[in-house]
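Undergrad: when you get a sec, could you give me coordinates for this:
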Amino acid sequence: MILRATTATLGLAAAVVMLSGCLAPAPEPTPTPTAVFASEDEAFAAAEETYRAYVDAGNARRNDPQSQPDPQSFLVGDALERDIDSRRELEELGLHLDGPSTVTTVNGVSADLVTGDVLIEGCYDSTAARVLNESGADVTAADRDPTVMVEIEITPSGGERKISSMRPVDGDPC
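TA: Residues are numbered from 1 along each chain as shown. The predicted structure follows:
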């Protein structure tokens, strides 16, 4: 009789445990981050598009100061701060840029498909651009290298892609 009572009790206990497991709320699943890009090629193409649009906006601004979009609208963080400082310095020196610059090549370096952070290198060519003083005289340094390889970091910001950093690449392999 004791064996039958023990077996019944264990059976009842097992049933209660199993039922309580079924009635308890299931743990919340951990959300899987959604990738911003499906592939590195897609990420690099989007970053290149952003960089080229920024350069085009800068060229348009040199032709017409009221043109849109504002080149600074493509920048965030360190890149924006440096651009503001550079513009201020040129203005204080009474200088301005004239003529277009171009992007001749762009190479993908790295891309985080989940966060959307992308690093590219672009060859920036300012052969046709000149530095002019207040009287319009060309004061472009005669020994300047008109091409420079630039490392560009692109970061998602406010639903858009923005340039967060630009810096010359050592060795300038343009």
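Undergrad: use CA for all of it now, contacts and neighbours both
TA: OK.
Undergrad: which one's the longest helix in the chain?
TA: Secondary structure assigned by DSSP state H gives helix 40-63 as the longest helix of the chain.
Undergrad: neighbouring contacts of whatever helix or strand comes next after that helix?
TA: Moving toward the C-terminus from helix 40-63, the next helix or strand (DSSP states H and E) is helix 77-93. Contact with helix 77-93 is made by 72, 96, 163-166, as judged by CA atoms under 8 Å, 6 or more residues apart in numbering.
Undergrad: neighbours around residue 85, how many?
TA: Applying other CA atoms under 10 Å, we find 12 residues neighbouring residue 85.
Undergrad: quick revisit: nearest to residue 49, of the contacts of helix 77-93?
TA: residue 163 (11.1 Å; CA to CA).
Undergrad: secondary structure class of that closest one, three-state.
TA: Here residue 163 is recorded as strand under DSSP: H, G, I helix; E, B strand; the rest coil.
Undergrad: verify the contact between it and residue 155 for me.
TA: Yes - counting by CA atoms under 8 Å, residue 155 is a contact partner of residue 163 at 6.3 Å.
Undergrad: excluding chain neighbours, what is closest to residue 106?
TA: For residue 106, ignoring the flanking residues on the chain, the nearest one in space by CA to CA, 6 or more residues apart in numbering is residue 122 at 4.2 Å.
Undergrad: ok, now which ones touch that neighbour?
TA: Here residue 122 is in contact with 103-107, 149-152 (criterion: CA under 8 Å, 6+ apart).
Undergrad: cutoff 6 Å now
TA: Contact analysis of residue 122 by CA atoms under 6 Å, 6 or more residues apart in numbering lists 105-106, 149-150.
Undergrad: again with residue 104
TA: Residue 104 sits next to residue 123 when contact means CA under 6 Å, 6+ apart.
Undergrad: measure it to residue 159 for me?
TA: 28 Å (CA to CA, to the nearest Å).
Undergrad: check residue 92 too.
TA: 35 Å.
Undergrad: who has more neighbours, the two?
TA: A side-by-side neighbour count of residue 92 and residue 159, using other CA under 10 Å, places residue 92 first with 9 against 6.
Undergrad: what's the most centrally placed residue in the chain in contact with, if anything?
TA: The centroid of the chain falls nearest to residue 154 when counting by CA atoms, centre = their mean (1.5 Å). By CA under 6 Å, 6+ apart, residue 154 lies in contact with 117-118, 162-164.
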